[in-house]
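Peer 1: Give me coordinates for this.
(chains A and B)
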Amino acid sequence: MISSRSKLSLYGEKAIEWLIRICGVSAIIFVFAIFFFLFREGAPILREPGFNLWRFLTSTEWYPTSMSNVRYGTFALIAGTLSVTGVAMLIAVPFGLGAAVFVSEFCTGKLRESLKVIIELLAAIPSIVWGFIGLTVMNPLIQTVFHVQVGLNVLNAALLLALMSIPVMVSIGEDALKAVPDSYREGALALGATRWQVIYRILLPAAKNGLLAAVLLGVGRAVGETMAVLMATGHAVNVPHSIFDSVRTLTATIAAELGEASQGSPHYRVLFLIGILLFTLTFIVNLVADLVVRGINRK
Amino acid sequence: MKRILTHTTTILAAALLASCGGKGSGEGKPAGISLQNIGSDTMVNLAQAWAEAYAHAVPGVSVEVSGGGSGIGVAALINGTCDIANSSRKLEKEEEEKATAKYEGKHPTEHQVGWDALAIYVHPSNPLNEISIEQLSEIYKEGGKINKWSELGIAAPGGTDEIVRASRQNNSGTYHYFREAVVGKKNDFKAGSRDMNGSKEVVELVAGTPGSIGFSGIGYRTDKVKVLKVSKKTGEPAVEPGIRSTLDKSYPISRPMFMYTPPAAKPEVESYIKWILSAPGQKLVIENGYIPLEAFAPKDAK
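Peer 2: So this is what the prediction gives:
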């Protein structure tokens, strides 16, 4: 009786162990499957005569449905994605990390709890709603405040993306700061450090990995966002010269054009190639961040 | 955006219907049949109006309408995921071939259901009243020479001289028609136009931007935009888009609106199209701001 029961529990243990192992490995499988799928759909265009990878990356001429001269240049789209993400991060990083420090170090009790709930609420707003806000609220606002022709531009989309990525940064950043042992704070204060010195010299360096992860998750959110930027950027193929220029992002291009591109056509494959490009972009961001974190750790 | 979302849900709905359609249609009860009607964004409001009126006229047949662009409708026709595809342009040769291949050598049926005058919209504060096809082409085509309002001989509306061009995304039938009729089939659009995702968005952008110009179906006209008269060549008399000027072809940029149906369409589809081509259906065309077929045009119309 006892032995059979323990045998059963042994098998149960094994089964659960395997289940958990599968869960862990599945993430890797999914990433590879996605990568494989993207390549299977996108890569055949590389062998097509007349397709030039260099031109794909450096030309600003995006004319996928031209009747006379089809050109697949994504430089303007890449510039669109990078400009919107860059400006969004310029806004979001100081505010996001500042808010994380405030929530973690300065707030107590009710204020802190309600702030956290409200910030998380911000993260729950669907991106299409942000898009509507961009279209109907920010557009006229930017037009009147900055006296520009069109309010659908880099600034509009960047503000939306900043607002969308700040909650992620605050949540993760706050966790990172909370993970710094209290003894660090007590030690610093005992040595006569001011509050500012504690934060700037002790907490930020100690929590840098977590804070960097917070920023990167924000960047990932911004690069991958589609609906809000589709609505707020003005959707114009254009290399921006100022934050008041309309642009078009890589993601928005895929969303707007994939529905019509017939399966297997060069246009369809090029859109998948853009997908690979996006994948590579985020991969590079993550890799660089990983290397930076390791570099910091070694010192 | 919402268009894409509705499109996705339609595909899902269509897939669901297709998967359970085998059981449902076999029992042959006419009540509760639902027709999928996908396509042209220009026609989506009109198609919706038809569907609503038809639901009252013929209970038991519901027509589900979604937009997305003519290209989406045609793609759905080719893939067999819709009963009726709306298109503001004719099927291209390649699409025709694909559809014929899909339906085992039979051609999809083309029904012209009305006309659309492609209106040129500007902001009400814009002093411009008319424009020629040549000028429009110079504004919109790649390498075109007109980029500023002063080059059209008018003071900059809203204080900025740059012409803000509103255009459409490239799966739109309106985009294809405008390229063919104005920009030139062999030419491309000038880069940097704001490619809006729907007919309505173009009109909204123009309404909110003093220095802008845009093209969209006449059915999307509102009080907040001004519709320009259009002439074929600079110096020739310009014509206002209307029922008469579209039907007698004096308005230079008008186009037929089509509904395409698969070769062996359900009988409900055929009676629906028949209803659209009859007086009550054509009356809705006028009510929605479009131009009906010649036989149904009021005699006293402009």
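
Peer 1: Get me the contact residues on chain A for chain B.
Peer 2: When proximity is defined as Cβ under 8 Å from any Cβ of the partner chain, chain A approaches chain B at A:60-69, A:76, A:128, A:131, A:139-140, A:143, A:147, A:149-152, A:227, A:230-231, A:234-238, A:246, A:248, A:255-257, A:259-260, A:262. All C-beta atoms are positioned from the backbone trio N, CA, C, and that covers glycine.

Peer 1: Dead centre of the chain: give me the residue that sits there.
Peer 2: Picked chain A for this. A:G220 (1.7 Å; Cα atoms, centre = their mean).

Peer 1: my bad, the chain I had in mind was chain B
Peer 2: Residue closest to chain B centre, computed by Cα atoms, centre = their mean, is B:T42 at 2.7 Å.

Peer 1: how about residue 246, what does it touch?
Peer 2: I went with chain A, as the question did not name one. A:V150, A:L152, A:N153, A:V154, A:T233, A:G234, A:H235, A:A236, A:N238, A:P240, B:G192, B:R194 (Cβ atoms under 8 Å, 6 or more residues apart in numbering or on different chains).

Peer 1: my bad, chain B
Peer 2: With contact taken as Cβ under 8 Å, 6+ apart, B:T246 is in contact with B:W115, B:A117, B:S254, B:I291.

Peer 1: What's the separation between it and chain A?
Peer 2: Counting by Cβ to the nearest Cβ, to the nearest Å, the gap from B:T246 to chain A is 25 Å.

Peer 1: Now for the residue nearest to B:R168 when sequence neighbours are not counted, how many residues are close by?
Peer 2: Leaving aside its sequence neighbours, B:R168 sits nearest to B:Y175 (Cβ to Cβ, 6 or more residues apart in numbering or on different chains; 4.1 Å). When neighbours are counted by other Cβ atoms under 10 Å in any protein chain shown, B:Y175 registers 23.

Peer 1: B:Y175 contacts B:S167, correct?
Peer 2: Yes - the pair B:Y175 and B:S167 qualifies as a contact (Cβ atoms under 8 Å) at a distance of 6.7 Å.

Peer 1: For B:S212, grab phi and psi.
Peer 2: phi -110, psi 160 (degrees, to the nearest 10).

Peer 1: OK, contacts around the closest residue to it other than its chain neighbours?
Peer 2: Leaving aside its chain neighbours, B:S212 sits nearest to B:V164 (3.9 Å; criterion: Cβ to Cβ, 6+ apart). By Cβ under 8 Å, 6+ apart, the contact set of B:V164 is A:Q149, A:V150, B:R194, B:L205, B:T209, B:G211, B:S212, B:I213.

Peer 1: Buried subset of those, written for ChimeraX?
Peer 2: Remark: buried members of the contacts of B:V164, expressed as a ChimeraX selection using 16 or more other Cβ atoms under 10 Å in any protein chain shown:
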select /A:149,150 /B:194,205,209,211,212,213
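
Peer 1: And the contacts of B:V164, which is closest to A:C23?
Peer 2: B:R194 (45.6 Å; Cβ to Cβ).
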